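>>> Can you look at this prediction? I've put the sequence above it.
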Amino acid sequence: MVRNAVVGAALALALLVGGCATGTSIPSATDGDPSGSAASKASVSIGAVTFVSHPSLDAVYEGIKEGLAEAGYVEGENLTLDLQNPQTDQATLSNIVNTFAASDNDLFVAIATPPAQALAQVIQDRPIVFASVTDPVAAGLVESMDNPGGNVTGTSDQLPTDEQLAVIQRIMPDVKTVGIVYSSAEVNAQVQAEAAVEAGAELGIEVKTATITNSSEVQQAAESLDVDAYFVLVDNTVVSAMESMIQVAEQRQRLLVTSDPDSVQRGAAAALATDYRAQGLQTAGIIARIIEGADPADTPVELQESLQLVVNPAAAERMGLTIPDEVLAEADSTY
């Protein structure tokens with residue numbers, strides 16, 4: 001296993017530079033063979049944990065597997081992947097993390113903020129790579145985006161909130177109030193909600209919020225907001241109950257804009273969103289570099305490389321609205 005070489009590599013580095021090794025990077029597994037084939041790579045074991053089942057996070061995981069295969073780490077050949085999912089239950093998440101800490105996995109992957117925080121609190125002796133974390137600094141995962149400083153790094157799905165609210169304005173020019181339901185248990189959701197309030201003020205939009213603690217509260221929280229439109233953040237708990245948001249939007253004839261493309265396919269009107277499969281591929285690149293010797297402490301957190309405008313004209317009509325032709329013309333995807 002790759003992990004068995006960590007101590008030897010750290011000692012060698014100490015002898016070369018007379019300094020202190022971090023001990024969290026994984027030494028090169030290629031043995032000088034740049035071919036990238038699975039046959040040229042040492043075996044690696046990865047423990048992965050997502051937060052809840054929904055299409056966006058699932059797409060991240062599939063992108064990670066695809067990207068690792070492209071880098072020469074193929075599941076069932078030289079890669080062992082153990083994916084766990086607590087379905088937002090914190091006690092189950094804690095049990096998963098403790099089991100991982102006692103395992104012989106070489107590296108860990110966290111998809112979403114709560115799993116990343118849980119892993120980082122318990123595991124400091126092996127690398128952790130996260131995906132779909134909106135603000136890793138605020139979440140206490142890294143010291144800074146450019147210099148994480150510990151055993152944790154990854155990719156951020158941070159979105160430009162002002163541009164997202166501007167999409168709402170373009171579809172509904174007379175919008176005055178926008179409602180956001182978000183999970184009080186997710187740091188990234190709170191950060192986004194605060195950013196949305198500030199961005200809304202700049203655009204002349206009053207942003208009203210309602211907090212929830214679990215997905216069963218989403219519908220009631222949405223109904224409590226007297227607004228012209230709804231906006232869903234990158235919030236795993238709310239997205240997992242997207243059908244409740246869609247139901248309220250249709251019943252009240254209110255626009256619903258989200259932050260992920262899969263929710264548009266499910267029935268939201270539009271989204272300026274992350275391509276989550278692409279984010280998984282990007283995350284896999286970081287994982288591969290760490291497997292092959294990079295140190296998480298000085299591997300910068302990467303922002304998503306592309307955004308996509310996704311629209312669903314039929315869904316908008318069910319909410320009593322028509323998406324303008326100029327918005328339709330700019331859309332990257334239409335459902």
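Cool, the structure landed.
>>> With Asp228 as the reference, measure out to the closest residue to Ser215 other than its chain neighbours.
Using C-beta to C-beta, 6 or more residues apart in numbering and skipping residues adjacent in sequence, the residue nearest Ser215 is Ala241, 3.9 Å away. Bear in mind the C-beta positions are built from the backbone N, C-alpha and C, glycine included. Relative to Asp228, Ala241 is positioned 22 Å away (C-beta to C-beta, to the nearest Å).
>>> More neighbours: the two, which one.
Of the pair Ala241 and Asp228, Ala241 is the one with more neighbours under other C-beta atoms under 10 Å, namely 24 against 17.
>>> The more buried one contacts Ala221, doesn't it?
No. If you go by C-beta atoms under 8 Å, Ala241 and Ala221 don't touch, sitting 9.8 Å apart.
>>> what helix or strand is Gln247 on?
Taking DSSP states H and E as the definition, one finds Gln247 inside helix 242-252.
>>> Name the residues of that helix that are buried.
242, 244-249, 252 (16 or more other C-beta atoms under 10 Å).
>>> And for stretch 49-63?
Using 16+ other C-beta under 10 Å as the test for burial, stretch 49-63 gives 49-52, 54-61, 63.
>>> those helices in the stretch 51-200 of the chain, which residues are they?
55-70, 90-101, 113-122, 161-171, 187-203 (DSSP state H, counting those that start in this stretch).
>>> For Gln304, give me the pLDDT.
For Gln304, the pLDDT comes out at 81.
>>> re earlier: nearest to Val97, out of the buried residues of stretch 49-63: which one, please.
Val49 (7.3 Å; C-beta to C-beta).
>>> partners of that closest one in the sheet?
Gln84, Ala110 (DSSP bridges).
>>> mind listing what it touches?
Counting by C-beta atoms under 8 Å, 6 or more residues apart in numbering, Val49 makes contact with 83-86, 93, 96-97, 100, 108-111, 115, 118-119.
>>> Type out the ChimeraX command that picks the buried ones from those.
Listed next is the ChimeraX selection for buried residues among the contacts of Val49, using 16+ other C-beta under 10 Å:
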select :84,85,86,93,96,97,100,108,109,110,111,115,118,119
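>>> contacting residues around the residue most central in space within the chain?
Most central in the chain under C-alpha atoms, centre = their mean is Ser132, positioned 1.0 Å from the mean C-alpha point. Residues counted as contacts of Ser132 (C-beta under 8 Å, 6+ apart) are 56-57, 60, 111-113, 155, 157, 234, 236, 276, 279.
>>> Apply 6 Å and report the result again.
Counting by C-beta atoms under 6 Å, 6 or more residues apart in numbering, Ser132 touches 60, 111-112, 157.
>>> can I assume Glu256 is in contact with Tyr230?
In this structure residue 256 is Leu, not Glu. Yes. Leu256 sits in contact with Tyr230 when judged by C-beta atoms under 6 Å, with a separation of 4.7 Å.
>>> Mutual contacts of the two, please.
Residues touching both Leu256 and Tyr230 (C-beta under 6 Å, 6+ apart): Ala249.
>>> who has more neighbours, these two?
Leu256 (32 against 25).
>>> Can you give me the domain boundaries for this protein?
According to automatic domain parsing, the chain comprises the domains 2-156+276-302, 161-274+308-334.
>>> lowest-confidence stretch among those?
Least confidently modelled of the domains of the chain is domain 2-156+276-302, at a mean of 85 by mean pLDDT.
>>> Report the distance from that one to the chain centre.
14 Å (C-alpha atoms, centre = their mean, to the nearest Å).
>>> State the distance from the nearest residue to Gln192 once chain neighbours are set aside to Ser183.
Spatially, and ignoring its direct neighbours in sequence, Gln192 is nearest to Leu233 (4.3 Å; C-beta to C-beta, 6+ apart). Distance, Leu233 to Ser183, using C-beta to C-beta: 9 Å.
>>> What of Ala273?
18 Å.
>>> picking up where we left off before, widest-spaced pair of the contacts of Ser132?
Maximum distance among those (C-beta to C-beta): 10.3 Å, for Ile111 and Asp157.
>>> and Arg318, how many neighbours?
Using other C-beta under 10 Å, Arg318 has 16 other residues around it.
>>> got a list of what it touches?
Counting by C-beta under 6 Å, 6+ apart, Arg318 touches Glu250.
>>> Next up, the contacts around Ala268.
256, 258.
>>> so where do the helices sit in the stretch 201-335 of the chain?
218-223, 236-239, 242-252, 261-266, 276-291, 313-318, 325-330.
>>> Tell me the gap between the shortest one and the middle of its chain.
Centroid separation for helix 236-239 versus its chain: 12 Å, with C-alpha atoms, centre = their mean.
>>> in it, what's buried?
By 16+ other C-beta under 10 Å, the buried positions in helix 236-239 come out as 236-239.
>>> what's the answer for stretch 192-212, then?
For stretch 192-212, a neighbour-count test (16+ other C-beta under 10 Å) marks 192-193, 195-197, 199-200, 205, 207, 209-210, 212 as buried.
>>> now swap in stretch 118-136 and tell me
Within stretch 118-136, the residues that count as buried by 16+ other C-beta under 10 Å are 118-120, 123, 126-136.
>>> distance of Met60 from Gln304?
Met isn't right for residue 60; it's Val. For Val60, the distance to Gln304 - C-beta to C-beta - is 11 Å.
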